[in-house]
Every structure is written in C-alpha cells, then in structure tokens.
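> coords please:
(2 chains)
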Amino acid sequence: QQKVQQSPESLIVPEGGMASLNCTSSDRNVDYFWWYRQHSGKSPKMLMSIFSNGEKEEGRFTVHLNKASLHTSLHIRDSQPSDSALYLCAARAASSSSFSKLVFGQGTSLSVVP
Amino acid sequence: EAAVTQSPRNKVTVTGGNVTLSCRQTNSHNYMYWYRQDTGHGLRLIHYSYGAGNLQIGDVPDGYKATRTTQEDFFLLLELASPSQTSLYFCASRGQGASYEQYFGPGTRLTVL
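This is a model prediction of the structure:
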C-alpha cells in the first residue's frame, strides 16, 4: 500500500522567516501531488497542486516537484502567524484501481512565532 | 464555495453501539469520501463513492459500512462501535475537473466509551 511520508513532524519558524516542508511517496506510479492546509479546529483546504517537474509559485507559497525521486516540497516565505497550521501532503497513483483516491501523509505542524 | 455539511458534529456512544454519520454536499459532485483523522496518521480513507448506489473500499475499511443513497448524501455506519473508532471523521466531495480538489465538511468528533 502506498505511503506518503512528511518531514519534519513539526516546525517552528520566526515571523518573516522561511518555512520548508517535505513530502515523499513510496509509489512509483504517483503522478500528482497536493498540499492541504488545516488550521486548528477546522477542516483541510487545498493550498496548491503540482504534477509537472519543477516549480510552481503562488504568492508567498512555492511548491517543487522531483518526479524521479517522488519528492515534493512546500516553501513559505515571509511566514505569518496566520500560516500556523497542519500541512498535509497528498498523492494520487496513476493506476486504474486507485485513480479516484488520494493518500495523505501524517502532516507537518507549523508554528510561526512573533 | 463548494458546500459540504456533516451531522452530528459531536457524538458519544458506548462500545457495541450503532452510529450513523451523515454527509450532504450541494456541489453536484460525483465523488464523495469518508476519512478519519488521528494524531500522527493524517487523513486515512475509509470508503468512497462515485455516484448514487456506488461504493468503493478505502484503505482502512474494517468495522465500517457506507451507503450513498443519492448524489448528495453519503452515510458512514458503525454497527458495533469500538473504542478504536474514537476519532475525528471528515467527509469530502470533488467534481470531475482536472484540479481534483476535494472539499471537506466541518467534521464529526466521535467518542466511543
């Protein structure tokens, strides 16, 4: 069964600093990654998705993907206290039996301190 | 924004009890999902469906049944609840689009004593 591993489990960064979160899949059939953000007491919401090798930027958020190593990373620059949340990585395997479902990692808990 | 609602929001039951969790989406989405969330495990998929009457088994299905009665409604059934099923349960829906974004409900916190 596919596994999605995230690191670190928790991260503390100062306000204005850079946060870097990592995610790796064990399934060589993975073709698509998502990043979700979940604030405390709330439900997850999609932040960004990526399926091509390289980089994608949206405002302060940048996602990298290396398909050869099945590794994606999320970078948050100029981190704000409002970015404090649980960040979940999800992956989809491109096989017909699992095409409709995502596998989530265990999450990285980010705290941005003033 | 896409709307997914869940009920009840909180539920306490005893070991061996019957529980039904309800989910409704008004997004005209085909796909609906049930997850459980536990500390250290992220979100784990229990069951999912791609239309009324359809049911697909997820990654942690043991002890759970599900039923999709309409396009809007998806139910999760625990017929003999056990303390190991104490968790936060999320329902989600998604459409057919390439973005594949899943929209989550507010969650149901279930405690089995």
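
> Which pLDDT does the model give A:S95?
Confidence at A:S95, expressed as pLDDT, is 66.

> Please apply the same query to B:A2.
68.

> before we move on, what SS does B:F90 have?
For B:F90, the assignment made with DSSP: H, G, I helix; E, B strand; the rest coil gives strand.

> any idea how far it lies from chain A?
Distance, B:F90 to chain A, by Cβ to the nearest Cβ, to the nearest Å: 6 Å. For glycine as for every other residue, the C-beta is placed from the backbone atoms N, C-alpha and C.

> So what sits opposite that residue in the bridge?
B:Y35 (DSSP bridges).

> these two touch, right, A:H75 and A:T62?
Yes - assessed by Cβ atoms under 8 Å, A:H75 is found in contact with A:T62 at 4.6 Å.

> and A:R37, how many neighbours does it have?
Neighbourhood size, A:R37 [other Cβ atoms under 10 Å in any protein chain shown]: 19.

> how about the host helix or strand of it: buried residues?
Following DSSP states H and E, one finds A:R37 within strand A:30-38. Residues of strand A:30-38 classed as buried by neighbour count (16 or more other Cβ atoms under 10 Å in any protein chain shown): A:V30, A:Y32, A:F33, A:W34, A:W35, A:Y36, A:R37, A:Q38.

> The last one contacts A:A85, doesn't it?
Yes - assessed by Cβ under 8 Å, A:Q38 is found in contact with A:A85 at 5.8 Å.

> Distance check, the residue nearest to the spatial centre of chain B against A:W34.
Central residue of chain B (Cα atoms, centre = their mean): B:W34, 2.7 Å from the mean position. Computed as Cβ to Cβ, to the nearest Å, the B:W34 to A:W34 distance reads 18 Å.

> Kindly report the residues of chain A close to chain B.
With Cβ under 8 Å from any Cβ of the partner chain as the criterion, chain A comes near chain B at residues A:1, A:4, A:6, A:32, A:34, A:42-46, A:49, A:88, A:90, A:92, A:100-107.

> Good, we can wrap up now.
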